[in-house]
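Student: fold the stuff below for me.
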Amino acid sequence: MITTGGTAASRTTDDGAVPVLTAADLVPTVSDDITVIPVELMAVDSSAMTVREQFAVVRAIADALDDPEVTGVVVTHGTDTLEETAYLADLFAADPRTVVFTGAQYPADHPESDGPANITTAVTAAADPQYRGRGVLVALGGTILNARGVFKRSTTDIRAFDTVNADLPRPLVAEALPDRLRARVDLIALYPGVSPGTIAAAVEQRASGIVLSATGSGNTHPDITAQVSLAVQRDVVVVVSTRVPFGTVEPTYGGGGGGVDLNRAGAIFSPWLRAPQARMALLALLSVGADRQRVSEFFAASSPS
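Tutor: Here you go, the predicted structure:
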């Protein structure tokens, strides 16, 4: 059980909730036939996690699975960015043994603290053969979901996560981990009045990829489309997702800023993965040297047939 901090490890102070509990403190009481080995990796609020720290979690999972006696791995993680780190781990999860991410919506000293129940569920699932081969899972609030497609649906409800689609395929980026994630990928929110300069700024700051959190099924203003075209001409890979929780993202509308126009400008569409997870996928792909064609094939393969 790898711990990283987050609300499950937090207690309330005058300065707000902060992670103070150790990995040993979080080990749950479970069946006698399950042995939990606590590994304290870090103690951070997941909203402050860096990509380097997220990849350190992925590396720690791989290190744990180097032991053939390990049945599965649980990661306790703050819920703010859990969907991203869990999916990053899933992108490299070639080992069939179960990996489960969990966390909490309320600190350990809150009267409605949900961390202990969530951790117990996660540990039990990690030891259960029925979950083997499903890739990385997310367990909170009594639900167990595939990491791919998962998103945080509530800031307070203990059923914190939902999924855009429970049956998404699971293409891997690579079976072996790179030494580090070298690429820089920016996520840009699109909205009425957004400055086209945001894309130009990302290009100038040497982003190798950009993910657009577009409106609707993948739409924006024509001025953004023009900047997307310029970014693509400079070999920046642009992926279009949406700010809408459910439904597919696909080239449908025209008018200069519709999905058809973005597609013609060279943008790649992420039909199901929402922007935070699409960014993780693009970051991983570019870090292992994938070209634009490989990126396009990956997002196509991430959609149900």
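
Student: any regions of this structure where pLDDT drops low?
Tutor: The chain contains no residues with pLDDT under 70.

Student: tell me the SS of the residue most central in space within it?
Tutor: In the chain, the centroid-proximal residue (CA atoms, centre = their mean) is Glu84; its distance is 1.7 Å. Look at Glu84: counting by DSSP: H, G, I helix; E, B strand; the rest coil, its state is helix.

Student: who's in contact with stretch 16-24?
Tutor: 1-3, 5-11, 38-40, 43-45, 107-108 (CB atoms under 8 Å, 6 or more residues apart in numbering). All C-beta atoms are positioned from the backbone trio N, CA, C, and that covers glycine.

Student: before we move on, back to that, just checking, the residue nearest to the centre of the chain touches Val51?
Tutor: No - Glu84 is beyond contact range of Val51, at 9.3 Å (criterion: CB atoms under 8 Å).

Student: which residues touch Asp109?
Tutor: 11-12.

Student: could we number from 754 for the rest of this?
Tutor: Sounds good: first residue 754 from here, last item Asp862.

Student: and it, how far from Thr766?
Tutor: 10 Å (CB to CB, to the nearest Å).

Student: and for Gly1012?
Tutor: For Gly1012 relative to Thr766 (CB to CB), the value is 47 Å.

Student: for Glu1050, same thing?
Tutor: The value you get for Glu1050 to Thr766, if CB to CB is used, is 49 Å.

Student: re the thing from before, list buried residues within the contacts of stretch 769-777.
Tutor: 754-756, 758-763, 793, 796-798, 860-861 (16 or more other CB atoms under 10 Å).

Student: where exactly do the strands run in the protein?
Tutor: 755-758, 763-766, 769-772, 792-797, 825-829, 851-855, 889-893, 896-899, 903-905, 914-916, 938-942, 962-967, 990-995, 1021-1022 (DSSP state E).

Student: so what does the shortest one touch, helix or strand wise?
Tutor: Using 3 or more CB pairs under 8 Å, 6 or more residues apart in numbering; DSSP states H and E, the elements in contact with strand 1021-1022 are strand 990-995, helix 1012-1017, helix 1045-1054.

Student: same thing with the second one?
Tutor: Where contact means 3+ CB pairs under 8 Å, 6+ apart, strand 763-766 is packed against strand 769-772.

Student: buried stuff in the strand it packs on?
Tutor: 770-772.

Student: longest helix in the protein, please.
Tutor: helix 804-818 (DSSP state H).

Student: just want the angle from that helix to strand 792-797.
Tutor: For helix 804-818 against strand 792-797, the angle between stretch directions is 170 degrees (axes from the mean of the first three to the mean of the last three CA atoms, to 10 degrees).
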